[in-house]
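In: I'll drop the sequence and a predicted model, then ask my questions.
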Amino acid sequence: MLMPDAARHVIDGFQFARGGGELHGRLELTALPRLAEMGVAASPGFEFQVRGGRNERGKAVLRIAARGAADMTCQRCLGAVEVLIEADAELELAESEAAIEAADDEVDRVVATPAMDVVALVEDELILSLPMVPRHEACAPREAHGQDEAGLPFAALAGLKRKH
């Protein structure tokens, strides 16, 4: 089933997994407000796929894959940097939060409900895939970003240090 841009789609988690359901489509940044709040901007959108099935232990799972380019702020030069964000996760479905908390392993789980928001699940995985420190491989000189030394945040402090 193809999902239109920015549409919210709800699935019954266990039923979707048992039936081997599949959703795929494209999500624009406007459909992903939490991602936008984290400094992701001017993205052409994210291609995604959600598939239901069973893992090697026979448990119901959702497999989520998403990919797209996004603009973030380089943490070296504070200019815009395009980063590739790729998410690939397998989430085992659980009956309750208590079942997740009681599990003594490293399996990623999510509580399955009859009304699971696919867009929110995809957005969660994209957020987890964001680079911790987005940056250019090699930053352009400061002048290329429209800043001279006087416009830099610590330029005044550097000037004071030089005087002493």
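Out: Alright, I've got the coordinates.
In: Assign Glu101 to helix, strand or coil.
Out: helix (DSSP: H, G, I helix; E, B strand; the rest coil).
In: if I look at it, how far off is Arg135?
Out: Here Glu101 is placed at a distance of 36 Å from Arg135 (CB to CB, to the nearest Å). Any C-beta I mention is one placed from the backbone N, CA and C, and that applies to glycine too.
In: These two - which one has more neighbours?
Out: Arg135 (16 against 10; other CB atoms under 10 Å).
In: if I've got this straight, the more buried one is in a strand?
Out: No - counting by three-state DSSP, Arg135 is not found in a strand; it is coil.
In: Contacts only, for it.
Out: 74-77, 81 (CB atoms under 8 Å, 6 or more residues apart in numbering).
In: Show me the residues you listed that map onto strands.
Out: Counted as lying in strands by DSSP state E, out of the contacts of Arg135, are Val81.
In: Put the buried members of the contacts of Arg135 into a ChimeraX selection.
Out: Of these, the buried ones can be selected in ChimeraX as follows, counting by 16 or more other CB atoms under 10 Å:
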select :74,77,81
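In: Serialize the contacts of Arg135 to a markdown table and add fields for distance to Leu126.
Out: Supplementary listing: the contacts of Arg135 in a markdown table, determined by distance: CB to CB, whole Å:
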| residue | distance to Leu126 |
| --- | --- |
| Cys74 | 19 |
| Gln75 | 19 |
| Arg76 | 23 |
| Cys77 | 24 |
| Val81 | 17 |
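In: Low-confidence bits of this structure, can you list those?
Out: 1-8, 42, 142-164 (pLDDT under 70).
In: Gly68 and Ile85 touch, don't they?
Out: Yes - between Gly68 and Ile85 there is a contact under CB atoms under 8 Å: 5.9 Å.
In: and the spatially closest residue to Leu27 that is not a sequence neighbour, what does it touch?
Out: Spatially, and ignoring its direct neighbours in sequence, Leu27 is nearest to Phe46 (5.0 Å; CB to CB, 6 or more residues apart in numbering). Contacts for Phe46 (CB under 8 Å, 6+ apart) come out as 26-27, 32, 66-68, 85, 122, 126.
In: Ile85 too?
Out: By CB under 8 Å, 6+ apart, the residues touching Ile85 are 40, 46, 66-70, 126, 129-131.
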